[in-house]
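> Provided below are the primary sequence and the corresponding predicted coordinates.
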Amino acid sequence: MATVSSCVLHIILNTFILFIINPSFILGENDELSIVDFDFNSFNGDYTPPSPPPPASPPHPPSLSCEGDLGGNGSFDTICELNSSLNFGKDVYIEGIGSLHILSGVIVSCPMVGCSILVNISGEFVMGVNSSIIAGTVFVEAQNASLSDGSIINVTALAGAPPPQTSGTPSGVQGSGGGHGGRGASCVTDNTKLPEDVWGGDAYSWSSLDEPKSYGSKGGTTSKEEDYGGGGGGRIEFEVESAIEVCGSLVADGGDGGVKGGGGSGGSIYIKAPRM
């Protein structure tokens, strides 16, 4: 009973205060009691609620469709078969609960520095005879994976940006080699300096010893006007739930600098699977 009395008293006090502050709450156009003519906006004033925060950027591009985007047959929810070659100019992301089969002779390519081809499927990933994938990063997550005879995943000289702690790219115009797990080599001979003072690009390690995966470094150049250094090697990564069979090739070499530049350092190949 005390609670009811307290609530009634609270309502009476609030109504009295409301009447004192804004008599229009009870006075209409004819000075009669009314709540229909009450202007609720009078309590808001110029207040504007804050705008919501911008949506977080997605961790990867939207997933492409098998038939509409890739010109294949089927669906990534069942089996998608790619029977014609594809050339991309930006990152590629594929996701589904089915399987992906790249048929014999098909080339899937994004030959740009740092370009990524990411595949996240629940079924099988299969590369047919003499099929190819070319990009800066190739990541595949699947139940099983199979690379047939003559197939190749090639990320040579297509490394993206170096890790934040160092570039691994040699300074100067001596055409030295790029660094990675060890220091790059240098062709300069200088008897007045210690050997460690004439090495090429700096060494750097992976962010995790359990997951050694990072780009290689670009080689040095011999010209201030042109960059002749070979590109660093890219990244190949497989995370497979059951088994992976590799009868083809996985290549993550650094690029050749030729006669006017140093060679790039190799990238990384990381495979995680119960059976290989």
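All right, it came through fine.
> which ones are touching the residue minimising distance to the centre of the chain?
Nearest residue to the geometric centre of the chain (Cα atoms, centre = their mean): residue 60, 5.3 Å. Residue 60 makes contacts with 91, 93, 118, as judged by Cβ atoms under 8 Å, 6 or more residues apart in numbering. C-beta: built from backbone N, CA, C; applies to glycine.
> what's the answer for residue 154, then?
Residue 154 is in contact with 132-134, 249, 251, counting by Cβ under 8 Å, 6+ apart.
> Now for these: which two are most distant?
The span of the contacts of residue 154, defined through Cβ to Cβ, is set by 134 and 249 at 12.1 Å.
> Compare these two (neighbour count), which wins?
residue 134 (23 against 12; other Cβ atoms under 10 Å).
> right, and that one touches residue 111 too?
Yes. The criterion here is Cβ atoms under 8 Å, and residue 134 meets it with residue 111 at 5.5 Å.
> can you list residues touching both of those two?
Common neighbours of residue 134 and residue 111 (criterion: Cβ under 8 Å, 6+ apart): residue 158.
> circling back: how about CSV for the contacts of residue 154, with secondary structure added?
As requested, the contacts of residue 154 are exported to CSV (DSSP: H, G, I helix; E, B strand; the rest coil):
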residue, secondary structure
132, strand
133, strand
134, strand
249, strand
251, strand
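> so how far does stretch 139-159 reach from one end to the other?
Chord length of stretch 139-159, first to last residue, is 14 Å (Cα to Cα, to the nearest Å).
> ignore the last one, stretch 90-110
First-to-last residue span, stretch 90-110, Cα to Cα: 7 Å.
> re earlier: return the closest of the contacts of residue 154 with respect to residue 170.
Checking those against residue 170 by Cβ to Cβ gives residue 251 as the nearest, at 23.4 Å.
> where's the nearest residue to that closest one once chain neighbours are set aside relative to residue 97, distance?
Counting by Cβ to Cβ, 6 or more residues apart in numbering, residue 154 is the residue found nearest to residue 251 once chain neighbours are left out, at 4.7 Å. Residue 154 sits at a distance of 28 Å from residue 97 (criterion: Cβ to Cβ, to the nearest Å).
> And for residue 274?
Residue 274 is 21 Å from residue 97, by Cβ to Cβ.
> on that earlier part again, sitting in strands, which of the contacts of residue 60 do you find?
93, 118 (DSSP state E).
> I'd like the contacts of residue 60 written out as JSON lines, with distance to residue 70 added.
Listed next are these as JSON lines, based on distance: Cβ to Cβ, whole Å:
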{"residue": "91", "distance to residue 70": "14"}
{"residue": "93", "distance to residue 70": "12"}
{"residue": "118", "distance to residue 70": "14"}
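> Closest one to residue 181 out of the contacts of residue 60, please.
Scanning the contacts of residue 60 for proximity to residue 181, where the rule is Cβ to Cβ, the winner is residue 118, at 24.8 Å.
> What is the burial count for that closest one?
Counted by other Cβ under 10 Å, the residues lying close to residue 118 total 20.
> just to revisit the earlier point, quick check, nearest of the contacts of residue 154 to residue 215?
Using Cβ to Cβ, residue 251 is the member of the contacts of residue 154 that sits closest to residue 215, with 14.3 Å.
> What distance do you get for the closest one to residue 210?
Residue 251 sits 24 Å away from residue 210, taking Cβ to Cβ as the criterion.
> and if you look at residue 161?
23 Å.
> which one of these two has more residues nearby?
Legend: neighbour count by other Cβ under 10 Å for residue 161 and residue 210, higher for residue 161 (11 against 8).
> Leaving out the residues flanking it, which one is nearest to that one?
Closest to residue 161 by Cβ to Cβ, 6+ apart is residue 114, at 6.5 Å.
> Great, nothing more from me.
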